[in-house]
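S.K.: sequence isn't available, so here's the structure alone:
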Ligand code: FE2
């Protein structure tokens with residue numbers, strides 16, 4: 001099952017936002033993405049404005065509708081700015097679509113070909129959790145800047161944040177729904193359950209969650225799924241579900257090879273991160289052993305460290321990137337460890353709960 005069809009990589013993530021023009025500036029000036037392509041009224045597109053943003057291998061598409069009744073406008077109104085489409089590049093689009101729909105995925109768009117003078121771009125879509133769409137993209141015969149209908153528009157970023165590629169994309173689903181979506185990804189995309197964290201591993205005095213990490217056979221596509229668990233107070237996952245009005249993408253983790261430089265640059269540009277108490281660093285070395293980075297530097301920036309049998313990782317989480325406590329980003333630097341920072345869950349969630357309490361939602 002796991003090699004039913006070959007998923008190569010994350011092709012792009014499309015965010016539906018209230019104001020794509022301003023969002024493009026946020027991701028450019030704040031996160032160091034450069035604008036590479038655009039479509040809108042002035043390119044002949046009457047319904048949607050989209051900005052294609054790139055950094056390393058990461059591609060974000062920011063889209064806003066021009067009419068309030070357009071599905072993008074309705075979804076952005078309901079969920080706030082959110083990751084609406086997870087696009088996966090596949091070797092064989094027809095096979096991906098036909099196998100996944102034959103195995104239970106609901107079709108959103110059947111295989112469609114669009115062409116321009118640079119070649120043929122093919123895609124199809126199925127429904128995932130909540131309103132999230134999973135898009136299959138086959139672009140081996142396409143040589144344009146992004147897709148037909150887009151024109152090149154180069155606006156470089158002055159910020160060198162050093163983000164390289166997507167490590168994982170995490171979804172939050174309603175209580176009792178996680179196993180359904182584990183089975184969904186197993187059957188429709190051929191992903192396998194890599195590891196499951198139960199609420200004993202991921203609980204604080206107050207809130208709890210359960211998480212299952214799904215990944216493809218190459219490990220390039222990692223899609224963890226969280227659901228809330230019962231705690232003394234409201235789970236952070238429940239808070240997300242309420243403000244997102246349903247299941248959706250909670251965070252996108254981006255790889256860097258130098259998290260100290262990346263986080264320094266992002267903080268300078270105004271990106272806000274979750275902070276951890278200085279006590280976290282007091283016992284750090286006894287917990288994770290020797291690491292290449294200076295612990296003083298990590299403490300100054302609030303970067304977390306975790307170690308497992310294969311190595312260690314460094315990670316940090318941004319504050320939500322819109323007013324609703326929904327989508328946020330993770331920056332991660334891996335040194336052998338292929339984990340998700342399990343050892344940090346408790347201190348991390350305590351940090352999230354402090355913010356949740358400030359919002360009046362704990
Ligand atoms: Fe993560």
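M.R.: Looks like it arrived, so ask away. Everything quoted here is computed from the prediction, not taken from an experiment.

S.K.: can you give the domain ranges for this structure?
M.R.: Following automatic domain parsing, one gets these domains for the chain: 2-155, 163-359.

S.K.: for the ion, what are the nearby residues on the stretch 251-362 of the chain?
M.R.: Neighbours of the ion within the stretch 251-362 of the chain, by C-beta under 5 Å from the ion: 253, 330. The C-beta positions use only the backbone N, C-alpha and C, and glycine is treated the same way.

S.K.: break down the stretch 251-362 of the chain into its strands, ranges please.
M.R.: Secondary structure of the stretch 251-362 of the chain, counting by DSSP state E, counting those that start in this stretch: strands at 304-308, 311-317, 328-335.

S.K.: can you give me the helices for the protein?
M.R.: Ranges of helices within the chain are 20-25, 71-79, 93-102, 178-189, 236-244, 259-268, 279-282, 284-288, 295-301, 345-358, based on DSSP state H.

S.K.: pLDDT wise, what is the residue nearest to residue 227 when sequence neighbours are not counted at?
M.R.: In space, and not counting its chain neighbours, residue 227 is closest to residue 178: 3.9 Å by C-beta to C-beta, 6 or more residues apart in numbering. On pLDDT, residue 178 comes in at 96.

S.K.: also residue 205?
M.R.: Per the predicted model, pLDDT is 67 at residue 205.

S.K.: next one: the one 4 residues further on
M.R.: Each residue has a pLDDT score; the one for residue 209 is 85.

S.K.: just checking, it touches residue 227?
M.R.: Yes: using C-beta atoms under 8 Å, residue 209 is in contact with residue 227, at 6.7 Å.

S.K.: any shared contact partners between the two?
M.R.: Common neighbours of residue 209 and residue 227 (criterion: C-beta atoms under 8 Å, 6 or more residues apart in numbering): residue 237.

S.K.: dump the domains of the chain to TSV, plus mean neighbour count.
M.R.: What follows is the domains of the chain, written out as TSV (neighbours: other C-beta atoms under 10 Å):
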stretch	mean neighbour count
domain 2-155	18
domain 163-359	19
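
S.K.: compare the mean pLDDT across the ones you listed and name the weakest.
M.R.: Taking the mean pLDDT of these, domain 163-359 comes last: a mean of 92.

S.K.: leaving out sequence neighbours, find the closest residue to residue 166.
M.R.: residue 10 (4.6 Å).

S.K.: so what pairs up with the one you found in the strands?
M.R.: residue 88 (DSSP bridges).

S.K.: quick check: it touching residue 85?
M.R.: No: contact criterion C-beta under 8 Å: residue 10 and residue 85 do not qualify, at 11.1 Å.

S.K.: all good on my end, thank you.
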